[in-house]
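1. Make a model of this:
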Amino acid sequence: MRLWAEVVSTVSRVKRLLVLVALLYVLSYISGWYLVSTGSPSATLIVGRIQQAVLTQRPFTTVIGALKGGNLPEAILFTFLYNLASGAFLSTTAPGIIPLLGGAFTIMVTLVRGFIIGLTYPEVLSSSTGGFVVGMGTLLLEMGAYVFSGAAGINIALAPLMPKREGTQSRSGAFKAAWKDAARLYVIVIILLALGAVWEMTGLFLLIRPS
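-> Down below sits the predicted model:
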């Protein structure tokens, strides 16, 4: 209970950053969706390349192979670990180690990721009822996790520049406190990504298995 109380308190303190990251995802998603809906040639080209990557490159081929082989637990575990390590920590939180610039990098990753999802997910959501259910659940859970990991990264990048945000005058103290905040936020990140991996992989397993 104490840990959860600390998590809630941290969420309350960084809520503006959470709202910012969420808005960036929404706006960039809408931008990608708009280009697809208008039949933009550049959007069509990008989507084609992404689809090709899904079929031929890791980590996508690893997951698809596990699902086709009937190894659902492996697919879930791999998806969770990959999303946690690469999708969340390395790309949106760890850059915060660089004051200010790290936050700018996290914002860039957020915009690019939201844009790509906006390009690709409309087709997934409109493919079938099952595709909509699996896609929407995955979108909400995984993007929700990345909102928290992104806010954690930006908070770390701002801490040395604005130490009062962490209730201290010490820049190094604020930096350390921001990493503690990130650890608390990652309780939510881990929960959402775990649920997202279970939801997405189970849904895909049911959709692709022979009838």
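2. give me every residue that touches A197.
-> I76, L77, T79, F80, N83 (CB atoms under 8 Å, 6 or more residues apart in numbering). For every residue, glycine as well, the C-beta is placed using N, CA and C.
3. for the helix or strand the first one falls within, the distance to its chain's centre please.
-> Per DSSP states H and E, I76 falls inside helix 72-82. Taking the mean C-alpha point of helix 72-82 and that of its whole chain, the gap between them comes to 16 Å (CA atoms, centre = their mean, to the nearest Å).
4. Report the buried residues of it.
-> L72, E74, A75, I76, F78, T79, F80, Y82 (16 or more other CB atoms under 10 Å).
5. just curious, which of the residues you listed is nearest to L185?
-> Nearest to L185 out of the buried residues of helix 72-82 is F80 (CB to CB; 17.1 Å).
6. Am I right that the closest one is in contact with L195?
-> No. Using CB atoms under 8 Å, F80 is not in contact with L195, being 9.4 Å away.
7. Looking at the contacts of A197, spot the one nearest G167.
-> Among those, and counting by CB to CB, the member closest to G167 is N83, at 31.8 Å.
8. Verify the stated contact: that closest one with A145.
-> Yes. Between N83 and A145 a contact is recorded at 7.4 Å, counting by CB under 8 Å.
9. okay, and the common contacts of the two?
-> Common neighbours of N83 and A145 (CB under 8 Å, 6+ apart) are L193, G196.
10. Mind giving me the packing neighbours of whatever helix or strand A53 lives in?
-> If you go by DSSP H and E, A53 is part of helix 41-56. Helix 41-56 makes packing contacts with helix 15-37, helix 60-68, helix 101-127 when contacts are defined by 3 or more CB pairs under 8 Å, 6 or more residues apart in numbering; DSSP states H and E.
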